[in-house]
Every structure is written in C-alpha cells, then in structure tokens.
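K.L.:
how does the following fold in three dimensions:
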Amino acid sequence: MRAGLVFAPIPCRESNRNSQNMIVTAIALDREGRRHIVGIEGVGTESYISWYSFLVSLRNRCLSGVELVISDDHLGLMKVVKQVFS
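P.N.:
Residues are numbered from 1 along each chain as shown. You can find the predicted model right below:
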C-alpha cells in the first residue's frame, strides 16, 4: 500500500494515574482516501528507539511508498521516518 501515515501517540493511565507508557498507532490513507490502521504498539516512552522499532516492523510487513507523514514535532520520529523509509 502506498500511503501517507498519521502517527498518533495515545497516553496511557495505570491505577488512575498518568503513565509514561504510550500506545503508538500508524494509520495509512490509500489513494482513495480510505483510512487503514496498519500498526498499533505499546511502548514505554515516545523515544527514538521505540519509534525505530515500530517503523521497522511496519516496513518489514511490506509498508512502502510513504509519501506523507503527519505527526507532532517529535524529532526522534522524523529522523527515524527518513532512515526507515528513504
């Protein structure tokens, strides 16, 4: 699937308190504009290493042709996107 990706980190709560754990998601948009969830993973922190692991797993499952990335301004994520999908 050639895609644009939306990365949405979702904060987690444990025992009614905010936690450092995150759920990271990747949502692909196909050429017709339909959304497809292509990845969900629990990570300890939103870091370079966690993003790298997540994106390599997407690439290894044949995600290619990423043409657009939408995310917050997380420097680690943008660095990894260039490394994994360039």
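K.L.:
how about the lengthiest strand in the chain, which residues are buried there?
P.N.:
Using DSSP state E to define each element, the chain has its longest strand at strand 17-29. Neighbour-count burial for strand 17-29, with 16 or more other Cβ atoms under 10 Å as criterion, is recorded at 22, 24-29. For glycine as for every other residue, the C-beta is placed from the backbone atoms N, C-alpha and C.
K.L.:
and for stretch 35-50?
P.N.:
Counting neighbours by 16+ other Cβ under 10 Å, one finds that the buried residues in stretch 35-50 are 38-39, 43, 46, 50.
K.L.:
between the two ends of it, how far is it?
P.N.:
Across its full length, stretch 35-50 reaches 23 Å end to end, with Cα to Cα, to the nearest Å as the criterion.
K.L.:
which outside residues touch that stretch?
P.N.:
1, 3, 5, 9, 12, 20-30, 53-54, 57-58, 61, 63, 74, 76-77, 79-80 (Cβ atoms under 8 Å, 6 or more residues apart in numbering).
K.L.:
mean confidence for that stretch?
P.N.:
pLDDT averaged over stretch 35-50 equals 83, rounded to a whole number.
K.L.:
rewinding a little: just checking: what are the partner strands of the longest strand of the chain?
P.N.:
Strand 17-29 sits in its sheet next to strand 3-7 (antiparallel), strand 10-14 (antiparallel), strand 35-43 (antiparallel), going by DSSP bridges.
K.L.:
of the ones you listed, which is nearest residue 70?
P.N.:
Shortest distance between residue 70 and these, using Cβ to Cβ, is found for strand 3-7: 4.7 Å.
K.L.:
and that closest one, what's its mean pLDDT?
P.N.:
Within the predicted structure, the mean pLDDT of strand 3-7 is 59.
K.L.:
what do you get for stretch 68-78?
P.N.:
Across stretch 68-78, pLDDT averages out at 75.
K.L.:
looking at the buried residues of strand 17-29, spot the one nearest residue 67.
P.N.:
Using Cβ to Cβ as the measure, the one of the buried residues of strand 17-29 that approaches residue 67 most closely is residue 29, at 9.5 Å.
K.L.:
element containing residue 59?
P.N.:
Assigned by DSSP states H and E, residue 59 falls within helix 48-60.
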